[in-house]
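1. Next one to model:
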Amino acid sequence: MRRIFTILLSLLLMAPLLTACGGEAGLQDGYYTAQAAEFNFGWKEYVTILVKGGSIISVEYNAENASGFIKSWDNAYMQTMLHSNGTYPNEYTRYYANQFLEGQGEGGIDVLTGASSSYGTFQVLAQAVLEQARRGDSSIVIVDTTH
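-> Numbering: from 1, shown residues only. So this is what the prediction gives:
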C-alpha cells in the first residue's frame, strides 16, 4: 500500500513538469519566427513570438526592407499610408500582434480598416509560427504569403 502511495505521489509531483514541456498540441518554450518568402512593395513581413511556460508572452509583427530597416519606423511611409488608408504600420502591426497575444493564437482577429492586405499576410504568418512553436522548431520558417 505504501508503495502505491509513493508511486501516485511521484506521478502527481511530476505532472506539472510533464505538461510544461509541451505536448503535441501545446506550445514549446522558445522564440519562433515566420517570415514572408518574398518582398511585397519593398517589404518582407514577419511574425516572431516568445513562448514561456507553454504560453505566448510576446508577439512582434512587422516588416523589413532589403537593408533591414523596419517598416513601422518609416515616418514618410507612415504619413503616406495614414492619409490614404487611415492607418499606418506602427498602428496595425501592434493591433494584430496584441489580438494574437490576447487570444494566445486561438481567438479570432478583427480586420483593421485600411490594413486588410496585411491582415491576410499576418494570418498566414501567425499560423506558420504557431506550428513552429508546437514542434519546438526555432528555425525561421519561410512562408508563401501570396493571397
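2. Pull up the gap between residue 60 and residue 138, please.
-> Per C-beta to C-beta, to the nearest Å, residue 60 is found 15 Å from residue 138. Heads up, the C-betas are built off the backbone N, CA and C, glycines and all.
3. swap that for residue 57, sorry
-> Distance of residue 57 to residue 138, computed by C-beta to C-beta: 15 Å.
4. for residue 49, same thing?
-> The gap separating residue 49 from residue 138 is 11 Å, by C-beta to C-beta.
5. The two: which has the busier surroundings?
-> Shown here are residue 49 and residue 138; by other C-beta atoms under 10 Å, residue 49 has more neighbours (25 against 14).
6. Any stretches of this structure with poor pLDDT?
-> The chain contains residues with pLDDT under 70 at 1-25, 147.
7. Mind doing that once more with 90?
-> 1-25, 41, 72-91, 105-118, 146-147 (pLDDT under 90).
8. And the helices in it?
-> 2-20, 75-85, 89-103, 116-135 (DSSP state H).
9. contacts for the second one?
-> Under the contact criterion C-beta atoms under 8 Å, 6 or more residues apart in numbering, helix 75-85 has outside partners 71-72, 87-90, 114-115.
10. same check, this time on the third one
-> With contacts defined as C-beta under 8 Å, 6+ apart, helix 89-103 is touched by 47, 56-63, 71-74, 77-78, 81, 107, 109-110, 112, 114-115, 118-119, 122, 126.
11. Weed out the non-buried ones from the residues you listed.
-> Using 16 or more other C-beta atoms under 10 Å as the burial test, the contacts of helix 89-103 include 47, 56, 59-63, 71-72, 74, 77-78, 81, 109, 112, 114-115, 118-119, 122, 126 as buried.
12. So what touches stretch 33-47?
-> Outside stretch 33-47, the residues that touch it by C-beta under 8 Å, 6+ apart are 48-49, 59-66, 71, 97, 100, 118, 121-122, 125-126, 128-129, 132, 140-146.
13. Fine by me, we can end here.
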